[in-house]
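In: 3D, please:
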Amino acid sequence: MDLSKNTALEHFDLCYNKLSGLDLSKNTKLVYLCVNMNKLAGLDVSQNTVLCTLALDNNQLKNLDVSKNTKLDSLSVISNMLTELDLSKNTVLKTLWLKGNNIPCESNVVGLENLELCCFGMEIS
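Out: Coordinates of the predicted model:
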């Protein structure tokens with residue numbers, strides 16, 4: 001899917017498709033992205049620095065870098081293949097869903113004082 005000409009795009013919701021790749025590098029105004037239930041193995045959101053909501057549930061993500069997404073306040077990556085996720089730059093994060101990955105929840109919440117909900121469906125020790 002080519003979104004490169006939609007540079008003013010702020011909200012994008014394309015769930016329940018068979019997307020295996022998505023180039024969002026030209027969509028720098030993107031605030032909301034929901035691409036749940038696709039086949040994404042990776043996604044580069046480093047150019048989407050104003051992104052506030054990111055929902056990537058039920059994909060095939062093995063890694064995700066959200067270090068440039070410092071405005072991110074909601075992140076959902078339920079049922080992927082993630083083994084680590086660095087959230088140290090995401091200090092305004094309020095909601096976080098990690099269920100269905102191999103990530104120790106407690107290692108991701110240190111320093112996230114604004115967090116209201118974490119790891120829905122997982123035990124936090």
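In: Centroid-nearest residue for the protein?
Out: L54 (4.1 Å; Cα atoms, centre = their mean).
In: Can you verify that one is assigned to a strand?
Out: Yes - residue state for L54 (DSSP: H, G, I helix; E, B strand; the rest coil) corresponds to a strand.
In: what sits against the closest residue to G21 other than its chain neighbours?
Out: For G21, ignoring the flanking residues on the chain, the nearest one in space by Cβ to Cβ, 6 or more residues apart in numbering is L40 at 7.2 Å. Every residue, glycine included, has its C-beta placed from N, CA and C. The contact partners of L40, by Cβ atoms under 8 Å, 6 or more residues apart in numbering, come to L19, S20, G21, L22, L56, N59, Q60, L61.
In: Quickly note the distance from K18 to N27.
Out: The spacing between K18 and N27, counted by Cβ to Cβ, to the nearest Å, is 20 Å.
In: So which of these two has more stuff around it?
Out: It is N27, of K18 and N27, that has more neighbours when counted by other Cβ atoms under 10 Å, with 21 against 7.
In: and the closest residue to the more buried one other than its chain neighbours, what helix or strand is that in?
Out: In space, and not counting its chain neighbours, N27 is closest to L9: 4.9 Å by Cβ to Cβ, 6+ apart. Assignment of secondary structure by DSSP states H and E places L9 within no helix or strand.
In: burial count for L9?
Out: L9 is flanked by 17 other residues according to other Cβ under 10 Å.
In: neighbours around the closest residue in space to M81 that isn't next to it in sequence, how many?
Out: Leaving out its chain neighbours, the residue that sits closest to M81 by Cβ to Cβ, 6+ apart is K62, at 4.9 Å. Neighbour count for K62, taken as other Cβ under 10 Å: 11.
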